[in-house]
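Student: please find the sequence and the predicted model below.
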Amino acid sequence: MVLLVGCSSNPVDSPPPTIEPARAAVSPAVSATPPGVVRPLAGPATAAAFDEATGALLVLGDGDRPVITVFTASGDATPVELDDAATAMAGDGDGKVVLSTTGGYYRLDVASGHLTRVEVQGHEGVDFTAIARRADGRLVLGSADGTVYTLDSDTTVGAQLKMFARVDSIVTQGNTAIVLDRAQTSVTSLNTEGTASAQALRAGRGATTMVADAAGRVLVADTRGGELLVYGADPLILRQRYPVPDSPYGLASSDDPTGLVWVAQTATNTVVGYDLATGIPVEKVRHRTVQQPNSLAFDAASDTLYVVSATGAGVQVISAAGMAK
């Protein structure tokens with residue numbers, strides 16, 4: 001068992017024992033045509049994001065395919081080649097996306113496709129594994145060796161904190177960064193300076209993915225434990241937990257605070273929309289998906305859900321996704 005500090009305001013002095021990180025289930029072959037339209041994708045994908053400013057879906061290829069594919073609202077796909085593989089992607093719906101990579105990050109202008117590589121000074125060899133942007137515009141990066149770096153300019157580190165086994169994901173609520181560590185199956189919020197842990201909590205039996213939503217919550221898939229975990233961010237506190245069977249993994253939230261939360265069940269090629277408004281998740285709708293639905297993205301304005309396959313089975317576009325069929 002992994003023991004973590006619960007609701008503590010004191011920094012964690014050293015990382016607790018680790019476990020084998022949980023993984024998505026290996027999805028079965030699809031036996032029936034899934035709803036919506038399936039757009040072809042050149043290969044497997046590791047992440048997806050929807051950009052409200054341009055109406056584009058962005059899909060990040062896996063480590064063997066250093067490319068990010070931009071899908072326009074009409075379905076046209078434009079690949080943008082990367083010099084090196086990107087490990088994570090973050091966008092705020094403003095037409096700009098950042099992607100972590102070794103030694104720094106990429107900045108992509110979605111409309112033009114213009115890509116810029118930015119090196120973080122003095123950290124050229126660091127394996128950056130996660131990236132997020134705070135409300136004040138400062139970037140937060142995480143690394144494979146368990147360090148979180150808060151930048152004070154585009155290229156310089158203002159603060160760093162090493163206390164994790166590995167930084168697998170970072171999200172932000174305001175200027176608070178929240179870190180997911182799969183090997184510790186933990187979520188940890190940092191202080192605004194990025195120099196210490198504000199709170200650290202156990203996240204089920206095998207947390208894998210995490211997103212922030214417009215209602216100020218942090219959503220975590222406990223893939224091994226079969227649960228959706230819902231945290232408040234300030235302070236970090238577990239507010240809801242709900243059983244989700246069949247290896248929950250992919251997550252997406254709406255930019256509308258009253259919108260549904262989407263969870264992909266990778267063992268059954270299914271995605272479920274939950275309403276969190278009543279204090280306990282309530283299932284509202286479910287859809288069959290393409291094989292291995294590890295990545296999700298959602299466009300609240302058109303109620304369109306994007307399901308991206310991790311095996312190269314394509315991008316599924318489900319219109320009017322929140323309406324029960």
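Tutor: Everything's here; your move.
Student: residue 32 reaches residue 287, doesn't it?
Tutor: No. If you go by C-beta atoms under 8 Å, residue 32 and residue 287 don't touch, sitting 11.5 Å apart. To be clear about C-beta, it is placed using only N, CA and C from the backbone, and glycine gets the same treatment.
Student: those two: which is more packed in?
Tutor: residue 287 (21 against 7; other C-beta atoms under 10 Å).
Student: secondary structure element holding the more buried one?
Tutor: strand 282-288 (DSSP states H and E).
Student: which SSE is immediately downstream of that strand?
Tutor: Next element after strand 282-288 (DSSP H and E): strand 295-299.
Student: partner strands of whichever helix or strand comes after that following strand, parallel or antiparallel?
Tutor: Using DSSP H and E, the helix or strand that follows strand 295-299 in sequence is strand 304-308. Strand 304-308 pairs in its sheet with strand 295-299 (antiparallel), strand 315-318 (antiparallel), by DSSP bridges.
Student: need the winner for burial among these.
Tutor: Mean neighbours per residue, mean count of other C-beta atoms under 10 Å, is largest over the strands paired with strand 304-308 for strand 295-299, with a mean of 25.
Student: dump it to CSV, restricted to CA.
Tutor: Extracted as CSV, the C-alpha positions of strand 295-299 are listed here (Å, rounded to 0.1, in the frame of the first residue of the first chain):
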residue,chain,number,x,y,z
SER,A,295,-7.9,10.3,-25.4
LEU,A,296,-11.0,12.5,-25.4
ALA,A,297,-11.7,16.1,-26.2
PHE,A,298,-15.0,18.1,-26.1
ASP,A,299,-16.4,21.1,-27.9
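Student: what sits up against it?
Tutor: 45-50, 52, 55, 57, 59, 250-254, 259, 262, 264, 271, 304-308, 310, 321 (C-beta atoms under 8 Å, 6 or more residues apart in numbering).
Student: cutoff 6 Å now
Tutor: 45, 47-50, 57, 250, 252, 254, 262, 264, 305-308 (C-beta atoms under 6 Å, 6 or more residues apart in numbering).
Student: what's the most distant pair in those?
Tutor: By the measure C-beta to C-beta, 45 and 254 form the most distant pair in the contacts of strand 295-299, at 21.1 Å.
Student: quick one: which of those two has more around it?
Tutor: residue 45 (26 against 21).
Student: could you check how far the more buried one is from residue 165?
Tutor: 25 Å (C-beta to C-beta, to the nearest Å).
Student: for residue 278, same thing?
Tutor: 36 Å.
Student: how about residue 77?
Tutor: Distance from residue 77 to residue 165, by C-beta to C-beta: 36 Å.
Student: more neighbours, the two?
Tutor: Ranked by neighbour count (other C-beta under 10 Å), residue 77 and residue 165 place residue 165 first, with 19 against 15.
Student: residues contacting the more buried one?
Tutor: Counting by C-beta under 6 Å, 6+ apart, residue 165 has contacts 15, 18, 146, 181, 183, 184.
Student: let me know the pLDDT of the third one.
Tutor: Meaning residue 146. Predicted confidence (pLDDT) for residue 146: 97.
Student: I figured it hits residue 166, correct?
Tutor: Yes. At 5.5 Å, residue 146 and residue 166 qualify as touching, with contact defined as C-beta atoms under 6 Å.
Student: low pLDDT regions in the chain?
Tutor: When residues are selected by pLDDT under 70, those of the chain lie in 1-16, 325.
Student: repeat that for 80
Tutor: 1-16, 324-325 (pLDDT under 80).
Student: and the gap between the closest residue to residue 307 other than its chain neighbours and residue 286?
Tutor: With sequence-adjacent residues excluded and distances taken as C-beta to C-beta, 6 or more residues apart in numbering, residue 307 is closest to residue 316, at 4.1 Å. As defined by C-beta to C-beta, residue 316 lies at a distance of 14 Å from residue 286.
Student: same thing with residue 151?
Tutor: 40 Å.
Student: ok, now residue 122?
Tutor: Distance from residue 122 to residue 286, by C-beta to C-beta: 48 Å.
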